[in-house]
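**Q** I need the structure of the sequence given here:
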Amino acid sequence: MNEVLLSMFAGLIVGVVFSAIKLPIPAPPVLSGVMGIVGVYAGAVGYQWIVERFFS
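**A** So this is what the prediction gives:
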């Protein structure tokens, strides 16, 4: 849980800094971009599960 809070805090700081210097935020602006990131994470976790389950 501590990692989640730290990453949220870091994201807030980055958002404030980017907004202050008038740059676009370094994150996907729409739900499809966010779901793409979730898909990449799910694929990595799924790969690790398959490797541990069937090849170890």
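
**Q** mean confidence for the strand or helix carrying Tyr47?
**A** Element membership for Tyr47, per DSSP states H and E: helix 31-54. For helix 31-54, mean pLDDT is 90.

**Q** pull the residues that contact it.
**A** Ala27, Pro28 (CB atoms under 8 Å, 6 or more residues apart in numbering). The way it works is simple: take the backbone N, C-alpha and C, and place the C-beta from them, glycine included.

**Q** again, only this time at 7 Å
**A** Residues from elsewhere that reach helix 31-54 (CB atoms under 7 Å, 6 or more residues apart in numbering): Pro28.

**Q** offset the numbering so it begins at 617, please.
**A** Shifting the count to begin at 617 puts that one at helix 647-670.

**Q** now it, how far from the centre of its chain.
**A** When C-alpha coordinates are averaged (CA atoms, centre = their mean, to the nearest Å), helix 647-670 and its chain have centres 12 Å apart.

**Q** what comes up buried for that helix?
**A** Residues of helix 647-670 include none that count as buried (16 or more other CB atoms under 10 Å).
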